[in-house]
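Colleague: The amino acid sequence is not available; the structure is as follows:
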């Protein structure tokens with residue numbers, strides 16, 4: 001299976017406008033988005049073999065990314081009026 005990044009724009013294509021708007025107007029949202037992107041990059045580098053990390057630590061990073069993604073999704077839904 002090929003390695004993939006999971007940028008927010010690909011995870012939430014239907015919320016592209018809200019992503020841009022919240023990123024510009026909500027500092028907490030922007031911080032969460034930056035943290036998500038940094039986690040995604042680190043996970044990719046570990047899976048690609050550029051960074052060494054044991055499976056348990058990698059799993060913890062993936063869980064953290066999922067939790068952030070859930071928080072971001074909730075903020076996007078609220079911004080969309082849903």
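Modeller: All right, it came through fine. Model, not experiment: these values are computed from the prediction.
Colleague: C-alpha only now, for contacts and for neighbours.
Modeller: Fine.
Colleague: what distance separates the helix or strand in which residue 68 is found from the centre of its chain?
Modeller: With the criterion set as DSSP states H and E, the secondary-structure element containing residue 68 is helix 55-79. Helix 55-79 has its C-alpha centroid displaced from the chain centroid by 6 Å (CA atoms, centre = their mean, to the nearest Å).
Colleague: That one packs against which elements?
Modeller: Other elements packing on helix 55-79 under the criterion 3 or more CA pairs under 8 Å, 6 or more residues apart in numbering; DSSP states H and E are helix 16-25, helix 27-47.
Colleague: So which residues make contact with stretch 28-40?
Modeller: With CA atoms under 8 Å, 6 or more residues apart in numbering as the contact definition, stretch 28-40 has outside contacts at 5-8, 22-24, 61-62, 65, 68-69, 72, 75.
Colleague: tell me the pLDDT at the spatially most central residue of the chain?
Modeller: Nearest to the mean C-alpha position of the chain, by CA atoms, centre = their mean, lies residue 36 at 3.4 Å. pLDDT, residue 36: 97.
Colleague: same deal with residue 26?
Modeller: Taken from the predicted model, the pLDDT recorded for residue 26 is 95.
Colleague: Also the one 5 residues further on?
Modeller: On pLDDT, residue 31 comes in at 97.
Colleague: So what's the residue count around it?
Modeller: Number of residues near residue 31 (other CA atoms under 10 Å) recorded here: 12.
Colleague: do you know how far it is from residue 23?
Modeller: Using CA to CA, to the nearest Å, one gets 8 Å for the distance from residue 31 to residue 23.
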